[in-house]
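Trainee: Turn this into a model:
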Amino acid sequence: MPTEKERELVERILGIEAEQAKRRASNKLLYYNAGEKKHLKQLEFHRSIARNRWVFGGNRSGKTECGAAEAVWMCRGNHPFRKNRRDVKGWAVSVTREVQRDVAQAKVLSYLSPEWIERVTMSEGTKEFPEGGVIDTVYIKNVFGGISSLTFKSCQQGRESFQGATLDFVWFDEEPPRDIYEECRMRVLDRSGDIFGTMTPLKGLTWVYDEIYLNASSDPEIWTETMEWADNPYLKEEEVKRLSAVLSAEELESRRYGRFRADSGLVYPEFDPSVHVIEPFEIPFDWQSAISIDPGLKNPLSCHFYCQDFDGTIYVVAEHYEAGLDVRSHAEKIDEIATNLDWRRRTDGRLEALIDSAANQRTLASAKSVSELFFEYGIAVNTNVNKDMFTGISRVRRLFAERPPAIYIFNTCTKMIKELKSYWWGGGDVPVKKDDHAMDDLRYYVMSRPENREPKPKPNRFQLHKTKLMRSCRVGK
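Mentor: Next comes the predicted model:
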């Protein structure tokens, strides 16, 4: 039987735990990603300083959670990673009013302590029970003393209802029509405000795929990441198994992994920008492996510099990708990159590179072949590359699938990254022959790459002397 003191101690512990639970419930934002378990991709989203941020996530991946937390932080003026303002004005945009009530609105209210709410105006229902109705605007006390406002809007209202306002941010919960997105971009222009979106890509290759995910305009303010179930540390393993069992392989691509999907499917679905794309770092000279070129004159020429560490991990460290240049101009640009990288050269000063065997053909503008012209302009190209497409694709897929990754790409190689995101299977079980130049030079390298062995340490003068003596003894015998 426990003693009186032991019972008192247990009661005190239970009381403390109850108080902690009460405080967590009343200030959920304080405990967001603050415990032992952290959703690292949510934190990456919040830390990004880009003004146009998008999370493409599967259902239950935590994407809407981070959108709601971001909106409340901005309105409260206590964002931990961004410059804060008072009297913030923002919109939360949902597909329909019903989705607003059940998803974005519910998430926002879960992060708002009652004492932070100045007042609520309703579109449907009563302000005494906002959870059960449709909120028009919630007015939030800002830590700087002002009042911020978060207005909930629906894409069903049409573009006209999105005109006229000046805002600090717009949060899209799920994919909006393009005209509404463009209108909202105008709304944040005056205040240099932010756009952020959290969505599951269920509609296929829409305008979001081209303009945001592929960043077709190379806008430096666009930042994206994908979230899947494994990224959410709060999702139980048995729930993941249950959900996986009831979804088809095609549905899993979007609903689990947050990937865009065409009917034909990606060639490299294993490629994950959050895993395989890294910040550049200084590569050791001994890791230099090869230059690989997919030639093009009117079409883009794709050239990438490949390194390999002594464990066999590949690093794509630099790229030249341009259309409309002659061979001499391409060679000069490749040479410039090589000089900046201190890339190894032959004794005659020429660079060495792999290239498609099509380079042996002569162009209409020259009596010499492309490979001969490259040699003339300082690059000795090897046209003896293995072009077996299916074996090459299979090997590249295995590299992306391995954990830890067997291949990394520097984030400066933007054309290769973009092609990896948009390389689709077409009819006849072959990839669509479009925007695949970097994919070809990657495959040439992977099919041809030599093993990189760690160089043996150079012998010191004592070891050299010993070797010399031993050789002399052998000669003497």
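
Trainee: Could you confirm residue 311 falls within a helix?
Mentor: No: under DSSP: H, G, I helix; E, B strand; the rest coil, residue 311 sits outside any helix and is assigned coil.

Trainee: What distance do you get for it to residue 405?
Mentor: Per Cβ to Cβ, to the nearest Å, residue 311 is found 11 Å from residue 405. No exception for glycine: its C-beta is placed from N, CA and C like everyone else's.

Trainee: between these two, which one's more packed in?
Mentor: residue 405 (18 against 9; other Cβ atoms under 10 Å).

Trainee: can you confirm that one is in a helix?
Mentor: No: the assignment for residue 405 by three-state DSSP gives coil, which leaves it out of any helix.

Trainee: any idea how far residue 332 is from it?
Mentor: In terms of Cβ to Cβ, residue 405 sits 33 Å off from residue 332.

Trainee: Surely residue 240 and residue 232 touch.
Mentor: No: using Cβ atoms under 8 Å, residue 240 is not in contact with residue 232; the gap is 9.1 Å.

Trainee: Give me the more crowded residue out of the two.
Mentor: Taking neighbours as other Cβ under 10 Å, residue 240 and residue 232 compare with residue 232 leading, 21 against 16.

Trainee: Nearest residue to that one in space, please, no chain neighbours.
Mentor: residue 62 (4.5 Å; Cβ to Cβ, 6 or more residues apart in numbering).

Trainee: Can you get me a residue count around that neighbour?
Mentor: Quick note: residue 62 (other Cβ under 10 Å) scores 25 neighbours.

Trainee: Show the pLDDT at it.
Mentor: Confidence at residue 62, expressed as pLDDT, is 94.

Trainee: wait, what's in contact with it?
Mentor: 39, 41, 42, 227, 231, 232, 234 (Cβ atoms under 8 Å, 6 or more residues apart in numbering).

Trainee: With secondary structure, distance to residue 442 and pLDDT as added columns, please give the residues you listed in a markdown table.
Mentor: Output for those, formatted as a markdown table (DSSP: H, G, I helix; E, B strand; the rest coil; distance: Cβ to Cβ, whole Å; pLDDT from 0 to 100):
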| residue | secondary structure | distance to residue 442 | pLDDT |
| --- | --- | --- | --- |
| 39 | coil | 32 | 96 |
| 41 | helix | 26 | 95 |
| 42 | helix | 31 | 96 |
| 227 | strand | 26 | 93 |
| 231 | helix | 26 | 92 |
| 232 | coil | 31 | 93 |
| 234 | coil | 37 | 89 |
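
Trainee: In a markdown table, list those along with distance to residue 382.
Mentor: Output for the contacts of residue 62, formatted as a markdown table (distance: Cβ to Cβ, whole Å):
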| residue | distance to residue 382 |
| --- | --- |
| 39 | 47 |
| 41 | 41 |
| 42 | 47 |
| 227 | 42 |
| 231 | 42 |
| 232 | 47 |
| 234 | 52 |
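
Trainee: picking that back up, and the gap between the residue nearest to residue 232 and residue 235?
Mentor: Distance, residue 62 to residue 235, using Cβ to Cβ: 8 Å.

Trainee: Please apply the same query to residue 381.
Mentor: On the measure of Cβ to Cβ, residue 381 and residue 235 end up 50 Å apart.

Trainee: Which one's more surrounded, those two?
Mentor: residue 381 (26 against 17).

Trainee: Do I have it right that residue 145 meets residue 86?
Mentor: Yes: Residue 145 is within contact range of residue 86, at 6.5 Å (criterion: Cβ under 8 Å).

Trainee: Perfect, that will be all.
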